[in-house]
Each structure stands twice: as C-alpha cells, then as structure tokens.
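K.L.:
sequence first, predicted coordinates after that:
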Amino acid sequence: MKERNRMKRVMVDVVTMFKRCLILSMRSLDALFASIAQPILMMLLFVYVFGGAVDVGGISYVNYIVPGVILQCIGQCATITAISVNNDMKRGIIDRFRTMPITRSSLLIGHALSAVVRNIITTALLIGLAFLIGFRPTASITQWLAIIAILLLFMLAITWLSIMFGLIASSAESASSFAVVIIVLPYISSGFVTTESMPKYLRIFAENQPMTPIIESIRSLLLNSTMDQNFLPAILWCASMLIVAYGGAVMIYKKKAN
Amino acid sequence: MNQTETMISVSSLEKSFKGFKVLKGIDFNINKGSIFALLGSNGAGKTTTVKILSTLLKPDGGKVEICGYDVVSQRVKVCEHISLTGQYAAVDEVLTGRENLCMIAALRHLPDRNKKADELLESFQLVDAADRRVSAYSGGMRRRLDLAMGLLGNPAVIFLDEPTTGLDPQSRLAMWKIIKSLATEGTTVFLTTQYLEEAEQLADHIAILHDGRIVAEGTPDALKKRIPQGTIELMFYNENELKKAFDLLKVYQISKNMEMLTITIMTDGSVKQLTNVLNQINNVDISVSGFTQKLPTLEEVFLKLVSETKEEF
C-alpha cells in the first residue's frame, strides 16, 4: 500500500513536469518550426539539385535519403531540448523544485517526454512532405511498427544526450552546439550516398558509426526488404546510447544539486 | 503546541568555497512563529546560509536542524516543511501566474488546486494578471507570486532571501505587510536583508552577519542601543587642526581620513550629542571648514560591532 502511494506520487510529479514542459514547447512554436525548416530545405536541395546526379543503385533518390533526413530532423530537435534544459538550470525555478519534496528526476523525465512529443510531430510533418515530393515506401504494417520502434529508441537516446549536454553546458549556445554532430553524422554515412563511393578511411568510419546501421535498417524496412543484418546493430547502438546518456544525465543532475 | 518550540537550530555551521571560508562557525536558534532577520552586506554569507538551511548546499561542518530534522541526513523530511523564496524570484517565466500556482499545488499533491490558486491570487492582488505570462510581470508582482507559490501546502518554515531587494518603495511596504501577517499565523520566517531598517521593521530577532561570523544578535531594541544612529563628518583645512580635533573627540567612536582631511564621529543620533560635539570644537577654537550629518552606513555599523566584539575578548 505504501509502495503504491509512492508510485502514485512519482506519477503525479512526472505528469506535472511533462505538462509544464509541453506548455513550454507549445509557447515557442517558432523554435519548433525553425528546427524542422532546415532538414526540409536539405531534403529539397538533395532531391532536386543532387538527386539527378547521384546513383544509389536502382531506387529513387527520395526513397533513399528519407531515413537520413529523419535522423537529421531528430538531431535538429535536440537543440531545443538542450537549450530548454540549460535555461531551466539557470533560472530561479530550479531552486524551488529542489527545495520541494518531489521526485528528483521528474523534471528531466518531463523534458524527455515532451521532447519525444516534439520529435514525433516534426518527423510526421517531414514524412508527410516527403510523400508530396515522391516518397513511396512499401513497408507492411509490421515493418512500420519496427521502423517506429527504432525511431522512438533513437529519439529517446538523442533526447537524453541533449538533456545531458544541456546540464553540462554553461550557456544555451554551447548546449545546442553538440547537435551539430548528430546533424553532420548522417552525411558521413550511407544516408545520402553509398559508402562505396567514399575514400577508404572515410568509408571505414562511415560503415562503423551508429548512423549507418540505423539508416540502413530503416531504409530496408521502408522498402519492404527482409529484416537485414543491420537491424540488431541499430537497436544495440540506440539502446547503449540511451543507457549511457540517461545514466550520465541523472548523475550530473544529482551532482549539480549539491 | 508549545510557544517556544525551536523550529530552526544551527550550531557551528561552516562552509568554504575553494578554500575560502565563507561561514566561520555560526550559531542561532529560531522559535516557532517568529521572524528572524539575518542582516549583512553583500558577500557576508547570507545567501550561503539560506542555501544550506534550505538543503540546496551541504555544510562543511556543524549541525543544522529544521523542525527537528537534519538538513543533510533527512533532506526529504526537511523539504516537506519548508519553502524558499530566492533572491531571484523562483517563478516560471513562460507560465502564467495561475499556471505557476497550479503546478506547485500539483507537485505538493494538494486537493482543490484551482480553488487554492484562486484564493492566493486574490489575497496577493494578482487576479487581474492571473492569466498573463510571468515574463510580463513587474518586479513586485513576481515577488508576490513567488511568495504565494511558497505558501502552497502551508510550510512551517519560510526562507526569504532578500525579499525586497530591487523593489520600489510601495511594493516593499506591501511585501512587509505580507511577511508580518505570515508570522501572526504561526509560520516561522527566516529572512535575509541588507537593510537595517527592514530588519528593525519586521524581525523579532536580528543576527548581524559580517565576514562569516555573527557579530551581534538580539531583539531590534537591544541592538539599537548598541549601534550608532547617526554620524557627523567634520572637514578641516589642514592636518594639524584635524589632529587637535581628533585628540579632543577621542571619547566618541571616531575615525579619521587624513587624505580627505575629515573625521567621522558616530553618535546616538540625538540633538544633544550633536550640539556637544560642535560645542567642544568651538570652545577650543579649532577651525572647521564644514560639517555634514549622515545616517551610518551598514559597513560603519559592522565595523563598530566588530571592534566591540574584539574588545570583549
């Protein structure tokens, strides 16, 4: 009974913080749209400018790059998360939260949940736009579920990374700069061109960094191929990033509290 | 409940930052329902003390108990009984006043959140601004909202870190009224301030913090007798005249500035003492180029108390 009460308190704390962070994002919709504008522009640029000149082995270029663009979009969203966590740490409200008997990590979980909501909205918008310019996935229902699972896991991992960087950074500007890595990494992967076309050292890097298996598995699922050998590495990469980032963020948050 | 129940007890509290001792062993006890003012200038260690008492910082040495709970080992218990209003208003700028109150009410797990929010908006005169974002609030409104948020859940002890710094005189008076009414309802108030006047107006008990130590402590009346109420500054034409006057006036609390050719004398603020000083100068025919009468600065008060403390040891 006592345990149930405790769980209920934790739930109320998390839900309250989640609502607060959602209101925060809904009141800065301009930032949300700014974060989706860049990946959309890049997608249009790649499809219409480079698309005709790039050979990706028999599939249409839009179909080829959508997974890479989605990951970039998630990276762009991470900047908002990092900035809002960083802002919270500097404002007076954090001292009030800390002197109240609330579940300590509820604020971070609230940020994470609202970040996932933001990610889902922008990713859905992006996929919708991709449809308009000729994106034609042929995935079955189960394959879509697998895609959603990978994307959710990736969103969570990147979100917790951005929370961690938001906690470490001394300013909002530096908090958001880490996301550049997530935006650039898909370029040095099989996201936009095949890795075979790259110089040897770049190719070794490209084939062994997390973005490649994630992009490859999403792409093969979208195009209704069989579950390929990239699925497991993709899940493992996302899960391990998530565990490290979550652990790191909670540890830093607790340490900062003293 | 017992009227003299101790709500806050602090003994030999110490804290250092990077080898620099900010608090050098301070002690005090605060009774239930009283207003305690920690008076000190910037950098005296006031905010550090509040942060330790409200569990935001860990002490390096000594013991702090709030409502009988230890701030280090029973942090969560302490959090259940306190509320902190910081130097920078602890409100959420992006939310409206009402949303701020409802959020804190939810986090305190209170029933009837909306009703409680309405009551507080009413009594803190924020009804008109209730649905505006806090970023558009004036300084006084923010502090009032901040305090209202702190009252949700009826904490037994309220910490106010410089509650009126940066407020205009009218908002300041409104704040004083609110603080006084809290204590009459049985809440224990711990406040810090750099204004002697504020401490005298509000507190039942004042402790003066200077350089990490408490240099004086007592009721406002008791302290008033110990600290100067006014200063007279005399200006001279040359060092010689100044020295003559300095020797003559040594019986008073006095300091000299050879570069500016001035002497500062602390007085009890009475006309009688002022006349005495001027008469003494006049009688021996020392020429004075000018004089001004001022209220003592907090620094001067500290210096006097510090020198007194040294004499006692």
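P.N.:
In hand now; what should we look at?
K.L.:
return the distance of stretch A:36-47 from the chain's centre.
P.N.:
17 Å (CA atoms, centre = their mean, to the nearest Å).
K.L.:
average model confidence for it?
P.N.:
Regarding stretch A:36-47, the rounded mean pLDDT is 89.
K.L.:
may I see the buried residues of that stretch?
P.N.:
A:36, A:39-40, A:42-43, A:46-47 (16 or more other CB atoms under 10 Å in any protein chain shown). C-beta: built from backbone N, CA, C; applies to glycine.
K.L.:
do the same with stretch B:116-133
P.N.:
For stretch B:116-133, by 16+ other CB under 10 Å, it's B:116-117, B:120-121, B:124, B:126, B:129-130, B:133.
K.L.:
ditto for stretch A:3-16
P.N.:
A:9, A:12-14, A:16.
K.L.:
tell me the contacts of residue 167?
P.N.:
Assuming you mean chain A. A:85-86, A:89, A:249, A:252-253, A:256 (CB atoms under 8 Å, 6 or more residues apart in numbering or on different chains).
K.L.:
meant chain B actually
P.N.:
Contacts of B:Leu167 by CB under 8 Å, 6+ apart are B:139-140, B:143, B:175.
K.L.:
so it: helix, strand or coil?
P.N.:
coil (DSSP: H, G, I helix; E, B strand; the rest coil).
K.L.:
quick check: pLDDT value at it.
P.N.:
82.
K.L.:
kindly report the same for B:Arg133.
P.N.:
94.
K.L.:
please name the bridge partners of it.
P.N.:
B:Thr96 (DSSP bridges).
K.L.:
B:Ala90 reaches A:Arg96, doesn't it?
P.N.:
Yes. With contact defined as CB atoms under 8 Å, B:Ala90 counts as touching A:Arg96 (3.8 Å).
K.L.:
what do those two both touch?
P.N.:
B:84, B:149.
K.L.:
shouldn't B:Met235 be within a strand?
P.N.:
Yes. Assignment of B:Met235 by three-state DSSP places it within a strand.
K.L.:
spit out the contact partners of it.
P.N.:
So B:Met235 contacts B:260-262, B:288-291 (CB under 8 Å, 6+ apart).
K.L.:
ok, and the most crowded of the residues you listed?
P.N.:
B:Thr262 (18 neighbours; other CB atoms under 10 Å in any protein chain shown).
K.L.:
look up the closest residue to residue 101, ignoring the ones flanking it.
P.N.:
Using chain A here. In this structure, A:Pro101 finds its nearest non-sequential neighbour in B:Cys79, 4.1 Å apart by CB to CB, 6 or more residues apart in numbering or on different chains.
K.L.:
switch to chain B, please.
P.N.:
Using CB to CB, 6+ apart, the nearest residue to B:Leu101 is B:Ala117, at 3.9 Å.
K.L.:
how about the contacts made by residue 89?
P.N.:
Since you didn't name a chain, this refers to chain A. A:Met89 neighbours (CB under 8 Å, 6+ apart): A:166-167, A:256.
K.L.:
the intended chain is chain B.
P.N.:
A:92, B:142-143, B:145-146.
K.L.:
phi, psi for it please.
P.N.:
phi -50, psi 130 (degrees, to the nearest 10).
K.L.:
again with B:Gly68
P.N.:
According to degrees, to the nearest 10, B:Gly68 has phi 80, psi 0.
K.L.:
tally up the residues packed near A:Lys255, please.
P.N.:
A:Lys255, neighbours per other CB under 10 Å, totals 9.
K.L.:
let me know the helix or strand that it is in.
P.N.:
Following DSSP states H and E, one finds A:Lys255 within helix A:231-257.
K.L.:
average pLDDT across that helix?
P.N.:
Here the average pLDDT along helix A:231-257 is 92.
K.L.:
what packs against it?
P.N.:
Counting contacts by 3 or more CB pairs under 8 Å, 6 or more residues apart in numbering or on different chains; DSSP states H and E, helix A:231-257 packs against helix A:106-132, helix A:141-168, helix A:211-222.
K.L.:
deepest-packed of those, please.
P.N.:
Most buried of those, by mean neighbour count (mean count of other CB atoms under 10 Å in any protein chain shown): helix A:211-222, with a mean of 25.
K.L.:
out of the buried residues of stretch B:116-133, which sit inside helices?
P.N.:
Residues of the buried residues of stretch B:116-133 located in helices (DSSP state H): B:116-117, B:120-121.
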